[in-house]
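Student: Just to be clear, the model below is a prediction. Sequence and coordinates:
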Amino acid sequence: MPRRPGGGEAPPDTLEAGLRRLALEAGPTVLRLLNERSPGVRAIMNVASPPDHWPEVDIANALLEILSELVEGIANPRWRASCKAALRIPTDDYPGAECDSVAGRWRVLARREDVASGAVDEAVERYRGYWTVAAVRLAEMLSKRLFELNRNGGWDSYLAHEIEIPATTLPVSFDRTDVLFSFDKQRGTGFTTYIWLTAYGPVDRYETMGWYYNDPDAVVDIVPLANCALDGPLRDLPQGGRSASLVFARELRAGEKYFFAFSTVFASDRPCRPTILHKVRGMSMDQLTVRAQFDVDAIPPKIWCVDVAEQLQGSTVPNDGDPQVLEVSPNGYVEYEFFNCKRGREYGLRWIWTRQ
């Protein structure tokens, strides 16, 4: 996707057209920002000018977060409520097929505000009027915010959140986790996960997900390997990827230890985003080993370990000889062990595909 070199300014009315386009149908998503060809949506993507190494999907995620922040900052409560429904902010407030249109989301908003059933259509028209005015103001706010970020920096504070896996805190501690990622040239083919855990309360399953971050629309499969089974079909995630419930052989009691393994397979022709991260979802994780088997014809010239407490950590390419820089074997294999990992933090590897 071509981007305007060095970013630039787009007139607010052009951004407004993009916002109005994104509000149609199911609302803004990463996929729509990446794939929409309308001039307004292209303008929103092109005016953003984060560091050159950012993949387009990271820019799209950052723009969704910026939009959410700006909408929350709208002072007029009627404008704000109408904008949040139009842009499906937050997504969880507007679930189901009814919310796959902006009018449907305004109807949900009307019912939430206890509008009498006979007056819902009138309320929808009021929200439409609020949105007509508020979209102009929101486009002005977006233009100003992007100009500030492009001029003064600060983009790294929006650096790519990993998709949130349900149930961040599980009643378990992870004694040991091994994750092995594999590649074909620069394309990620999947990863295999081995987990040893201890239960601290009744638990009978593990919710996992698969997400090829440089291709939100990539086909993903999750395959049980040992001591677990799929409980029902895989579920599509709102912004791409799929989740699965892996059920254990039995419900674990407090104090029980358990092992299971599964693989996640990607089907995409796009190069992998140069980051692999694992998020600690239980109470703690004693040991995490992140491994990568790169293709011998596409071994990164530099790879380093990252312990991400904040989004910007680990995003700067370290100097040669820095302690976090790892040695890759001639056959493309690299690994790093993390100890005493903290709940909610992300650990993994980052690299560059070509020498900078």
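Tutor: Sure, I can see it.
Student: Would you mind listing the buried residues in the helix-or-strand element of the chain with minimal mean pLDDT?
Tutor: The least trusted helix or strand in the chain, going by mean pLDDT, DSSP states H and E, turns out to be helix 30-35, with a mean of 75. Along helix 30-35, these residues count as buried under the neighbour rule (16 or more other CB atoms under 10 Å): 30-34. (Each C-beta comes from the backbone N, C-alpha and C, glycine too.)
Student: Now it - C-alpha only, PDB.
Tutor: Extracted as PDB, the C-alpha positions of helix 30-35 are listed here (Å, rounded to 0.1, in the frame of the first residue of the first chain):
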ATOM      1  CA  VAL A  30      -8.200  -2.900  10.800                       C
ATOM      2  CA  LEU A  31      -9.200  -4.700   7.600                       C
ATOM      3  CA  ARG A  32     -11.300  -1.800   6.400                       C
ATOM      4  CA  LEU A  33      -8.500   0.700   7.000                       C
ATOM      5  CA  LEU A  34      -6.100  -1.600   5.100                       C
ATOM      6  CA  ASN A  35      -8.400  -2.500   2.200                       C
END
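Student: tell me the strands in the protein, going along the chain?
Tutor: 172-184, 187-199, 203-210, 219-226, 228-230, 235-236, 242-252, 257-267, 275-279, 285-293, 302-308, 333-341, 346-352 (DSSP state E).
Student: worst average pLDDT in those?
Tutor: Comparing mean pLDDT across the strands of the chain, the weakest is strand 235-236, with a mean of 83.
Student: Can you give the contact residues for that strand?
Tutor: Applying CB atoms under 8 Å, 6 or more residues apart in numbering, the set of residues contacting strand 235-236 from outside is 242-244.
Student: Can you redo those as JSON lines, where the extra columns are distance to Arg343?
Tutor: Shown next, in JSON lines, are these (distance: CB to CB, whole Å):
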{"residue": "Arg242", "distance to Arg343": "25"}
{"residue": "Ser243", "distance to Arg343": "20"}
{"residue": "Ala244", "distance to Arg343": "22"}
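Student: Make JSON lines out of those and add distance to Ala62 and neighbour count.
Tutor: Written out in JSON lines, the entries for those read as follows (distance: CB to CB, whole Å; neighbours: other CB atoms under 10 Å):
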{"residue": "Arg242", "distance to Ala62": "23", "neighbour count": "19"}
{"residue": "Ser243", "distance to Ala62": "23", "neighbour count": "18"}
{"residue": "Ala244", "distance to Ala62": "28", "neighbour count": "25"}
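Student: Of the residues you listed, which is the nearest to Asp221?
Tutor: The closest of the contacts of strand 235-236 to Asp221 turns out to be Arg242 (CB to CB; 7.8 Å).
Student: What spatial separation is found between the closest one and Ala23?
Tutor: According to CB to CB, to the nearest Å, Arg242 and Ala23 sit 26 Å apart.
Student: Any regions of the stretch 1-150 of the chain where pLDDT drops low?
Tutor: In the predicted model, the stretch 1-150 of the chain carries pLDDT under 70 at residues 1-12, 31, 57, 92.
Student: Mind doing that once more with 80?
Tutor: Across the stretch 1-150 of the chain, residues meeting the criterion (pLDDT under 80) sit at 1-13, 29-31, 34-37, 52-58, 61, 91-93, 95-97, 114, 116-118.
Student: For it, just list every one of the helices.
Tutor: With DSSP state H, counting those that start in this stretch as the criterion, the stretch 1-150 of the chain has helices at 12-23, 30-35, 39-47, 56-72, 77-86, 102-112, 120-152.
Student: Let's see the first one as PDB, backbone CA atoms only.
Tutor: Once non-C-alpha atoms are left out, helix 12-23 reads as follows in PDB (Å, rounded to 0.1, in the frame of the first residue of the first chain):
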ATOM      1  CA  PRO A  12     -10.200  18.000   7.400                       C
ATOM      2  CA  ASP A  13     -13.000  17.700   4.900                       C
ATOM      3  CA  THR A  14     -11.100  14.800   3.200                       C
ATOM      4  CA  LEU A  15     -10.700  13.100   6.600                       C
ATOM      5  CA  GLU A  16     -14.300  13.800   7.300                       C
ATOM      6  CA  ALA A  17     -15.300  11.900   4.200                       C
ATOM      7  CA  GLY A  18     -13.100   9.000   5.300                       C
ATOM      8  CA  LEU A  19     -14.700   9.000   8.800                       C
ATOM      9  CA  ARG A  20     -18.200   9.000   7.200                       C
ATOM     10  CA  ARG A  21     -17.200   6.100   5.000                       C
ATOM     11  CA  LEU A  22     -15.800   4.100   7.900                       C
ATOM     12  CA  ALA A  23     -19.000   4.600   9.900                       C
END
